[in-house]
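[1] Model the following, please.
(2 chains)
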Amino acid sequence: MRGTIFINYRKDDSSWNALALYNELQKYFPKETIFKDFNTIRPGDDFVESIQKALSHCNVLLIVMSKNWLEVKDKHGNRRLNDPDDLVRIEISTAIERNIQVIPVLFDNIPMPTSADLPENLRSLPRRQYVEIETTRFEADVKKLAEAIKELLPPDDPAIPKKEDHGNTGGHQPVQNTSNQNVQKPQHENVQNFRGNTNVPVVKPDNYLVFAIITTVLCCLPLGIVSIIHSTKVDNLWNAGQYEQAKTASNQAKQFAIYAAIAGVVVGGIYLIMVAAGAGLGGY
Amino acid sequence: MRMYSPYLLLVLALVTGVGLLFFFNPETSFYPPCLFKKFTGLQCPGCGSARACYHLLHGNFLTAIDYNLLLTVFLPLIVMEGFSRLFFINRGTESKLRIIQNHVRPLHVLVLVLIFWILRNVPIYPFSILSSDH
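    Numbering: from 1, shown residues only, chains lettered A, B, ... in the order given. I've put the predicted structure just below:
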């Protein structure tokens, strides 16, 4: 069976974001493998059962979050997320229980919610690597996400045996094993292969090497070098499987590049003011 | 419009910077000096980059190399990266232009910068080529 992607979202928070993501993902996956409104429950259905049924075909659950995701309230003024019968919550917790890969997809520059903001059965969510989608780089960000998802879906080439088929293949097994492993190798260097594993990141954090180089070569303060050092750590930590630390190093590489740039501008500015003042007072 | 304003600001800053560097020669005019050099007497990896940029803008490739080899090597790659980020965001071409992002390892850059930093401060002939002083 071909893999499927489910998009989980709150209508009051992200209906347009979810729609945009749904449309954009169709560039990379056949339309019939992406489900957006699988939580449409017909009257009389037991919704827990319906969700269980829907999720039984699911390989990846994308959680679309935007500014109001945590705070959306029902008509009584209670936070939806606190309601154990909240459909969004049930979908996510069911997916977590079933070891389906869950990827939070953050829109509008929102931070990843912390465990303290989440109900009990979603507390593991912040430990998962999320993906940020920015409006200015929408297509590029979704492309990265799509590449990560491709690594999660089962190979759809019928020539390649599925994992469960191993052992029934007799003498051909070693050969087919090799081909299967080849398929499972990451096709994109930014994407880690993590099929079957539930708590691992999706996209390698940016090492900001370009900015580190710019600040090193253009600003005279050696802060840029600190940025390059953090940039070096990103790849090493990522390859060593220390994903959270890689993310931290990525942020530090970015921050030091920014510090270097600010320091360069400030020092230059102060110098120019001093020169101007000196010239105004009659010079040296 | 609002969502493009950071890019707009960046482009404006770039145009101003390139304009200044084109019309005013850092060797003779008001550019701020390098603090590291002022206080230590040693050159940092970025020393001479303004003068190198000035000469690159005037087509003096060899003079630019003489002022700052590192900048002259990296600038074309940086320009390509910037170009891909600003104009090819939504197309498939961007990855071909992003040579640094896709093919250069940070560790190699670090080693290169450190070696360059040390060697350009060695006042003996083959290394003194790397110096920004003349």
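[2] Show me what counts as buried in stretch A:27-36.
    Judged by neighbour count (16 or more other CB atoms under 10 Å in any protein chain shown), stretch A:27-36 contains these buried residues: A:28-29, A:33-36. C-beta: built from backbone N, CA, C; applies to glycine.
[3] what's the weakest-modelled helix or strand in the chain?
    Defaulting to chain A. Using mean pLDDT, DSSP states H and E, helix A:173-184 stands out as the lowest-scoring helix or strand of chain A, at a mean of 39.
[4] should've been chain B
    In chain B, no helix or strand scores lower on mean pLDDT, DSSP H and E than helix B:94-97, which sits at a mean of 67.
[5] Following the chain onward from it, which element is next?
    Counting by DSSP states H and E, the next helix or strand C-terminal to helix B:94-97 is helix B:99-103.
[6] Could you tell me how far that following helix lies from the centre of the chain?
    Relative to its chain's centre, helix B:99-103 lies at 17 Å (CA atoms, centre = their mean, to the nearest Å).
[7] What of stretch A:20-34?
    Worked out by CA atoms, centre = their mean, stretch A:20-34 lies 17 Å from the chain centre.
[8] For residue A:89, which three-state class applies?
    The three-state assignment at residue A:89 reads helix, by DSSP: H, G, I helix; E, B strand; the rest coil.
[9] Please tell me the pLDDT value assigned to it.
    Residue A:89 is assigned 89 on the pLDDT scale.
[10] tell me the contacts of it?
    Residue A:89 sits next to A:80-81, A:83, A:119, A:121-122 when contact means CB atoms under 8 Å, 6 or more residues apart in numbering or on different chains.
[11] Output the set of residues of the stretch 51-200 of chain A in proximity to chain B.
    For the stretch 51-200 of chain A, the residues in contact with chain B (CB under 8 Å from any CB of the partner chain) are A:135-137, A:139-140, A:189.
[12] List the residues that contact the residue lying closest to residue B:57 once chain neighbours are set aside.
    Excluding the flanking residues, the one nearest residue B:57 by CB to CB, 6 or more residues apart in numbering or on different chains is residue B:22, at 4.9 Å. Residue B:22 makes contact with B:54, B:57-58 under the criterion CB under 8 Å, 6+ apart.
[13] follow-up on the earlier one: show the buried residues in the contacts of residue A:89.
    Neighbour counting over the contacts of residue A:89 (16+ other CB under 10 Å) leaves A:80-81, A:119, A:122 as the buried ones.
[14] Mind picking the two most distant members of the contacts of residue A:89?
    A:80 and A:121 (14.5 Å; CB to CB).
[15] and residue B:37, how far is that from chain A?
    Separation of residue B:37 from chain A (CB to the nearest CB, to the nearest Å) stands at 7 Å.
[16] wait, that residue sits on residue B:48?
    No. If you go by CB atoms under 8 Å, residue B:37 and residue B:48 don't touch, sitting 9.7 Å apart.
[17] Does residue A:245 belong to a helix, a strand or coil?
    Applying three-state DSSP: residue A:245 is helix.
[18] which residue does the stretch 1-150 of chain A bring closest to chain B?
    In the stretch 1-150 of chain A, the residue that lies nearest chain B is residue A:139 (4.5 Å; CB to the nearest CB).
[19] Below-threshold pLDDT in chain A: ranges please.
    Applying pLDDT under 70 to chain A flags residues A:1-3, A:38-45, A:47, A:155-203, A:220, A:279-284.
[20] Domain-wise, how is it divided?
    Domain assignment for chain A, taken from automatic domain parsing, gives A:5-152, A:205-284.
[21] and residue B:7, that's in a helix?
    Yes. Per three-state DSSP, residue B:7 lies within a helix segment.
[22] What's the local residue count around it?
    Look at residue B:7: counted by other CB atoms under 10 Å in any protein chain shown, it has 14 neighbours.
[23] ok, it to residue B:42 distance?
    37 Å (CB to CB, to the nearest Å).
[24] Please apply the same query to residue A:238.
    34 Å.
[25] Neighbour count: those two, which is higher?
    residue A:238 (21 against 13).
[26] What helices and strands are in contact with the helix or strand containing residue A:53?
    Using DSSP H and E, residue A:53 falls within helix A:47-55. If contacts are counted by 3 or more CB pairs under 8 Å, 6 or more residues apart in numbering or on different chains; DSSP states H and E, helix A:47-55 sits against helix A:87-97.
[27] Give me the buried stretch members for the helix it packs on, please.
    Buried, per 16+ other CB under 10 Å, within helix A:87-97: A:87-96.
[28] and what of stretch A:121-139?
    For stretch A:121-139, the buried set under the neighbour-count rule, 16+ other CB under 10 Å, comprises A:122, A:125-126, A:128-133, A:138.
[29] Would you mind measuring the gap between the ends of it?
    One end of stretch A:121-139 sits 32 Å from the other (CA to CA, to the nearest Å).
[30] got any ranges where chain B has weak pLDDT?
    Ranges of chain B meeting pLDDT under 70: B:1-6, B:86-95, B:134.
[31] near chain A, which residues of it show up?
    Near chain A, when you scan chain B using CB under 8 Å from any CB, you find B:3-4, B:6-7, B:30-37, B:44-47, B:49, B:68, B:70-71, B:74-75, B:78, B:81, B:89-90, B:94, B:100-102, B:104-107, B:109-110, B:113-114.
[32] Restrict those residues to the buried ones and give me that as a PyMOL selection.
    Remark: buried members of the residues of chain B next to chain A, expressed as a PyMOL selection using 16+ other CB under 10 Å:
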select buried, chain B and resi 31+32+34+35+36+37+44+45+46+47+49+68+70+71+74+75+78+81+94+100+101+104+106+109+110+113
